[in-house]
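# pasting the sequence and the predicted model now:
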Amino acid sequence: MILVTGASGQLGHAILTLLSERGTAARGSSRSSSARGPLVDFDDPASISFEGVATLVLVSAGEAEDDVVVARHEAAIAAAERDGVAHVVYTSLASEGDHLAFALAHRWTERRLRESSLSWTILRNGLYAELFGSLFGWDGSRLTSAFGGGALAAVARADLAEAAAVVADRPERHVGRTYDLVGEPVTANDVATRLGVDLADVSLHDKRVELDAAGLKPFQPAMLLSIFTSVRHGFLSASGSDLRLLLEREPRDAVQVATEAASAGRPNL
């Protein structure tokens, strides 16, 4: 049986749905009672049980400071070792993402898996095209961006979910593999052109001021600004073939996915 963690989140839910559509025995776990499966709280190691789980899809338990995320992943991996899980599929971060403020917990988890007694596959996921689109702003009818002229090898969330489902369904084919799941480079200008609007550049200083005033969680402004500066300065633009390899088709149009996300925030004038 396959267990997908974080099944109340968008990525985990999509992976679980795709596995079910493939006719694969799978269930989800979450801290939320809305998940299709048991409640598993990584902040409460005593609540974790992976008895009867052959393959664990460990969806990164982010949205916190590094020490919290690392502790959550340690609790999950230790429970997998204890309960006899055969294989772990971990949703990590793209190889080029080491400059991002949230990279450390991902790389720690990769190292922990490699040093564990478990069989594993690491999926180094590129940043979502949906996230890229959501990080644009609007100044009237103009699109605003702190990405400068940089590009992001963005990926549709649905493609990453499908890749994870492919690996989890036949884990024996992917033992000890690390896949870099990135798309084709997308720029702010690509999105503006697709929308048919003008584009205005925002400096990193002005974006930081905006984020600091937005009432976010304490760790979020630094995380978001690290995305802006990494894209702006060309650290997240490398494309690759691993996504096509797993999907056995061309990935979704990341520009269109990002454009739709940007358009969703467009004010009614």
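Nice, I can see it.

# where exactly do the helices run in the protein?
In the chain, helices defined by DSSP state H lie at 10-21, 66-83, 103-114, 129-134, 157-169, 188-195, 204-212, 220-232, 242-247, 254-264, listed in chain order.

# dump these to TSV, plus mean pLDDT.
Formatted as TSV, the entries for the helices of the chain read as follows, by pLDDT from 0 to 100:
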stretch	mean pLDDT
helix 10-21	96
helix 66-83	97
helix 103-114	98
helix 129-134	98
helix 157-169	98
helix 188-195	98
helix 204-212	97
helix 220-232	97
helix 242-247	98
helix 254-264	98
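
# dump those to TSV, plus distance to Leu93 and mean neighbour count.
(Each C-beta comes from the backbone N, C-alpha and C, glycine too.) Formatted as TSV, the entries for the helices of the chain read as follows, by distance: least, CB to CB, whole Å; neighbours: other CB atoms under 10 Å:
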stretch	distance to Leu93	mean neighbour count
helix 10-21	13	21
helix 66-83	12	18
helix 103-114	4	18
helix 129-134	12	22
helix 157-169	11	23
helix 188-195	22	20
helix 204-212	20	15
helix 220-232	11	20
helix 242-247	14	18
helix 254-264	17	20
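
# distance check, the closest residue to Leu216 other than its chain neighbours against Phe102.
Spatially, and ignoring its direct neighbours in sequence, Leu216 is nearest to Leu224 (7.7 Å; CB to CB, 6 or more residues apart in numbering). According to CB to CB, to the nearest Å, Leu224 stands 10 Å off from Phe102.

# need the helices of the chain in a markdown table (columns: distance to Val182).
Supplementary listing: the helices of the chain in a markdown table, determined by distance: least, CB to CB, whole Å:
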| stretch | distance to Val182 |
| --- | --- |
| helix 10-21 | 16 |
| helix 66-83 | 22 |
| helix 103-114 | 14 |
| helix 129-134 | 11 |
| helix 157-169 | 10 |
| helix 188-195 | 16 |
| helix 204-212 | 23 |
| helix 220-232 | 13 |
| helix 242-247 | 7 |
| helix 254-264 | 10 |
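
# among these, which is nearest Phe42?
Between Phe42 and the helices of the chain, the tightest spacing by CB to CB is seen for helix 66-83, at 3.7 Å.

# hmm, who's touching that closest one?
By CB atoms under 8 Å, 6 or more residues apart in numbering, the residues outside helix 66-83 that reach it are 5, 42-43, 45, 48-51, 53, 56, 58, 60-62, 64, 88, 102, 104-105, 108-109, 112-113, 116-118.

# whichever of these end up buried, select them in PyMOL.
Command for PyMOL that selects the buried part of the contacts of helix 66-83, burial taken from 16 or more other CB atoms under 10 Å:
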select buried, resi 5+42+48+50+53+56+58+60+61+62+64+88+102+105+109+112+113+118
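
# which members of the contacts of helix 66-83 occur in strands, if any?
Under the assignment DSSP state E, the contacts of helix 66-83 contribute Leu56, Leu58, Val88 to strands.

# surely the last one and Leu113 touch.
So that's Val88. Yes. Look at Val88 against Leu113 with CB atoms under 8 Å: they come within range, at 6.2 Å.

# overlap of the contact sets of the two?
Any residue near both Val88 and Leu113 by CB under 8 Å, 6+ apart counts here, and that gives Ile77, Trp120.
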